[in-house]
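>>> Dropping a prediction and its sequence here:
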Amino acid sequence: MMKVAVSTSLMSAFYVTIMLRILDLFKWIHWKPTKFLNSIISDGLTRWIALFVILFVVSIILFMILQFVQLLPPVVWAIIIGLLMAFLTEWLIYDLPMERASFKRLSIPFFVVVLTAFVFLTETASFHRKSLENRNKLPYNTSTMVE
C-alpha cells in the first residue's frame, strides 16, 4: 500500500507543481507560488524543487488520511476539502478582507488545479482501500455451508 501512496502522491505533487508553474507563467494567478521560499533558497529552480517536495509530503499525508474516510463518497470529500484548501490558500496569500468583493480576486484556474489533484488523491485512496478490503474476504459465502 505504501508503494501506491508514494507513486500517487508523487504524480499529484508533480501535476500541481507543473500547473502552478504554468499558471504563474501565463499570469493566471497574481501571486508567486515559491515566494515563501525566497528567504531560504535563492535559486529559482531549487525553489520549485523544494515546492515539489513540500507538495509531495502533504500529498502522502492526505492520501493516508483520505483512505480511511468513508462517511461520504470520495468525490464529495475531494470537492469539500479541495475548495476549502484552495480558498484558504488564496485568502491567506492575498490577505483579503471579509467582503463580497474579495471573491472576485480568487483565481478559478487555481481552484480547478487543486480540485483535480484532490479528486485524484481521494479516488485513488478510496479505490485501494476497497481493494484491500475485498482481498481479505473469503471466496465463498459462509452462510450456505453445511455443518
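Structure received.
>>> Which element, helix or strand, includes the most centrally placed residue in the chain?
Taking CA atoms, centre = their mean, the centroid of the chain lies closest to Phe118, which sits 3.8 Å from it. Element membership for Phe118, per DSSP states H and E: helix 108-135.
>>> Quick one: mean pLDDT over that helix.
Helix 108-135 shows a mean pLDDT of 88.
>>> Which residue ranges of the protein form helices?
Secondary structure of the chain (DSSP state H): helices located at 2-25, 44-66, 74-94, 108-135.
>>> now for the ones you listed, which one comes closest to Leu37?
Leu37 lies closest to helix 44-66 among the helices of the chain, at 4.4 Å (CB to CB). Backbone N, C-alpha and C define where each C-beta goes, glycine included.
>>> hey, C-alpha coordinates of the closest one in PDB?
Extracted in PDB, the C-alpha atoms of helix 44-66 (Å, rounded to 0.1, in the frame of the first residue of the first chain):
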ATOM      1  CA  GLY A  44      14.600  29.700  -8.800                       C
ATOM      2  CA  LEU A  45      14.800  26.100  -9.900                       C
ATOM      3  CA  THR A  46      15.700  25.000  -6.400                       C
ATOM      4  CA  ARG A  47      12.600  26.800  -5.000                       C
ATOM      5  CA  TRP A  48      10.400  24.900  -7.400                       C
ATOM      6  CA  ILE A  49      12.000  21.600  -6.400                       C
ATOM      7  CA  ALA A  50      11.500  22.500  -2.800                       C
ATOM      8  CA  LEU A  51       7.900  23.300  -3.500                       C
ATOM      9  CA  PHE A  52       7.500  19.900  -5.200                       C
ATOM     10  CA  VAL A  53       9.000  18.100  -2.200                       C
ATOM     11  CA  ILE A  54       6.600  20.000   0.200                       C
ATOM     12  CA  LEU A  55       3.600  19.100  -2.000                       C
ATOM     13  CA  PHE A  56       4.800  15.500  -2.100                       C
ATOM     14  CA  VAL A  57       4.900  15.300   1.700                       C
ATOM     15  CA  VAL A  58       1.500  16.900   2.000                       C
ATOM     16  CA  SER A  59       0.100  14.600  -0.700                       C
ATOM     17  CA  ILE A  60       1.300  11.500   1.100                       C
ATOM     18  CA  ILE A  61      -0.200  12.700   4.400                       C
ATOM     19  CA  LEU A  62      -3.500  13.500   2.700                       C
ATOM     20  CA  PHE A  63      -3.500  10.100   0.900                       C
ATOM     21  CA  MET A  64      -3.000   8.300   4.200                       C
ATOM     22  CA  ILE A  65      -5.800  10.200   5.900                       C
ATOM     23  CA  LEU A  66      -8.300  10.100   3.000                       C
END
